[in-house]
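**Student:** generate coordinates for the sequence data below:
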Amino acid sequence: MAFFFFVLSLIVLYIRPAEWIPFFAGWHLAVLTLVGTALFLLFQVMATKKPLIKVPHNGMMIGLLLAVVASHAVHTYFGGMINGFTEFFKILVMYYLIVNTIASKRQFQSALWVVILLTAILAIQGVCQYHTGHGWAGQYMAEGRRITWISIFDDPNDLAMTFVVMVPVLLAYLVKPGFFGLKVGPLSVLGLILYAIFLTNSRGGMLGLMISIVFFFVKRSRYILPGGIIGGILSGLVFVFGPSRLGVLSSQDASAHGRLDAWYYGFQLMKSSPIFGVGFDMFTDQYPLTAHNSFVLAASELGLFGLFFWVGLFYVSFKSMSLVQKHCPELAPYAYSLQAALVGFLATAFFLSRTYNPIPYLVCALAASLYAVAREQTDSVAFRFTVKDARNVFLLAVGSLVMAQLAMKVWL
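**Tutor:** Okay, here's the model as predicted:
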């Protein structure tokens, strides 16, 4: 029953029925499904006496929660502390429930397909919106006839990011050996999602798509040259047939110019409070735009302390998938695809403010779940977060800010 309620929580996360279906108006479906999952998971733990899953990813999530609270505590803004704790705690609960509910390879496969199908439903909604002028919830397209959904998906860039992270997962099903007839379904869904990404007309989404495709084929082939050639050709096709906005990335473009201004403002905020930041959700307190860069947003609002844990979560997820690839051939295709999904998100995150968006945390939770399943099969995948890992995360965190600075100088 815990897994059943977990699936319901995924449906609520993506479809958002309480926000557009009159029958569900006023229902707190997200809370109800998460509480239902938690209760049945608790009964399951008590019955089996099996402890909760402990993986290195957990520490990064706890660290992020502490960073969110500390970002306001150092400024003695107690209202911000409560709001930040409440908002991020929802993501933390979702993460822990996913990691502890998925207890087998079969459940992992089922959860992955649920996410794929829900993403396909959003793609269908977007196609309908494009051809009818309005979406299922009555929402209209964004400027430039760009498709949208509602709530956390109401921005075309958010929607594109959600589609991008599922592309390498579908590619993994297509390239693995097997009867071609079984690949018709994944191929159809992939075509639908690629078309939906095109309709979002998101430059960040298309860039993330190209990078994730190249990365997937390089990792899948285990050789840089052939994998890079295949991925490069496919990425080239994406660029050629992609939206017209993809080729407009100069500082003369109004959108790009606003992004550079936001990045500069983010660095000024970080300089004013480098360790703990200016506070969760405070970037737009005195600035009309968001950061347009998830790394800059984390650094400015949560400081280097928060950026360390945010980057660390992706580092640990990436490293755990590498170990699964090395020691669990049976689960390796899933590990390849989740790594590529993480790379695709991080590529889009460099141009979008999605530090607290639930979707990347969902992908990291799936990575943690796959790692836990693999660890049940062999202890060879087990690892602890060491001082060397901490050094690597710190260098990556600082490196992301250096890249943003270099990009500003190049565009300006």
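**Student:** how near is the nearest residue to Met321 once chain neighbours are set aside to Pro288?
**Tutor:** Closest residue to Met321 in three dimensions, ignoring its sequence neighbours and counting by CB to CB, 6 or more residues apart in numbering: Ala335, at 4.1 Å. C-betas here are computed from N, CA, C, even on glycine. Using CB to CB, to the nearest Å, one obtains 41 Å as the distance from Ala335 to Pro288.
**Student:** which parts of the stretch 201-350 of the chain are strands?
**Tutor:** Read by DSSP state E, counting those that start in this stretch, the stretch 201-350 of the chain holds no strands at all.
**Student:** give me the contacts around stretch 73-81.
**Tutor:** Outside stretch 73-81, the residues within contact range by CB atoms under 8 Å, 6 or more residues apart in numbering are Val69, Ser71, His72, Ser273, Ile275, Phe276, Val278, Gly279, Phe280, Asp281, Met282.
**Student:** most neighbours among these, which one?
**Tutor:** Ser71 (28 neighbours; other CB atoms under 10 Å).
**Student:** any idea which helix or strand in this structure has the lowest mean pLDDT?
**Tutor:** helix 224-241 (a mean of 55; mean pLDDT, DSSP states H and E).
**Student:** please identify the helix or strand for the residue positioned nearest the centre of the chain.
**Tutor:** By CA atoms, centre = their mean, the chain has its centre lying nearest to Pro360, at 1.8 Å. Assigned by DSSP states H and E, Pro360 belongs to helix 358-377.
**Student:** how far is whichever strand or helix holds Pro168 from where the chain is centred?
**Tutor:** Assigned by DSSP H and E, Pro168 falls within helix 167-175. Centroid displacement of helix 167-175 relative to its chain, using CA atoms, centre = their mean, to the nearest Å, is 17 Å.
**Student:** which SSE is immediately downstream of that helix?
**Tutor:** With elements assigned by DSSP H and E, the helix or strand that comes after helix 167-175 is helix 184-200.
**Student:** neighbours of Ala407, just the number please.
**Tutor:** 16.
**Student:** the longest helix in this structure is where?
**Tutor:** The single longest helix within the chain, with elements called by DSSP state H, is helix 294-327.
**Student:** which stretches of the protein aren't confidently modelled?
**Tutor:** In the predicted model, the chain carries pLDDT under 70 at residues 178-181, 222-257, 411-412.
**Student:** show me how the record splits it into domains.
**Tutor:** Taking automatic domain parsing as the reference, the chain has its domains at 1-51, 56-411.
**Student:** which of those domains has the highest mean neighbour count?
**Tutor:** domain 56-411 (a mean of 19; mean count of other CB atoms under 10 Å).
**Student:** give me every residue that touches Leu8.
**Tutor:** Thr33, Gly36, Thr37.
**Student:** one more pass at 6 Å, please.
**Tutor:** Thr33 (CB atoms under 6 Å, 6 or more residues apart in numbering).
**Student:** so how far is Gln286 from it?
**Tutor:** Distance of Leu8 to Gln286, given as CB to CB: 40 Å.
**Student:** do the same with Ser151
**Tutor:** Counting by CB to CB, the gap from Ser151 to Gln286 is 26 Å.
**Student:** just checking, His292 touches Ala262?
**Tutor:** Yes: look at His292 against Ala262 with CB atoms under 6 Å: they come within range, at 4.8 Å.
**Student:** follow-up on the earlier one: report the angle between the longest helix of the chain and helix 358-377.
**Tutor:** Counting by axes from the mean of the first three to the mean of the last three CA atoms, to 10 degrees, helix 294-327 lies at 20 degrees to helix 358-377.
**Student:** name the helices or strands packed onto helix 294-327?
**Tutor:** Counting contacts by 3 or more CB pairs under 6 Å, 6 or more residues apart in numbering; DSSP states H and E, helix 294-327 is packed against helix 56-73, helix 254-272, helix 332-349, helix 358-377, helix 387-411.
**Student:** nearest to Phe24, out of those helices?
**Tutor:** Nearest of these to Phe24, taken as CB to CB: helix 358-377 at 19.3 Å.
**Student:** follow-up on the earlier one: check contacts around the residue nearest to Met321.
**Tutor:** Going by CB under 6 Å, 6+ apart, the list of residues near Ala335 reads Met321, Val324, Gln325.
**Student:** next: Leu159.
**Tutor:** So Leu159 contacts Trp149, Phe153, Thr200 (CB under 6 Å, 6+ apart).
**Student:** run the last query once more with 10 Å
**Tutor:** By CB atoms under 10 Å, 6 or more residues apart in numbering, the residues touching Leu159 are 119, 122-123, 125-126, 142, 146-149, 152-153, 196-197, 199-200, 202, 205.
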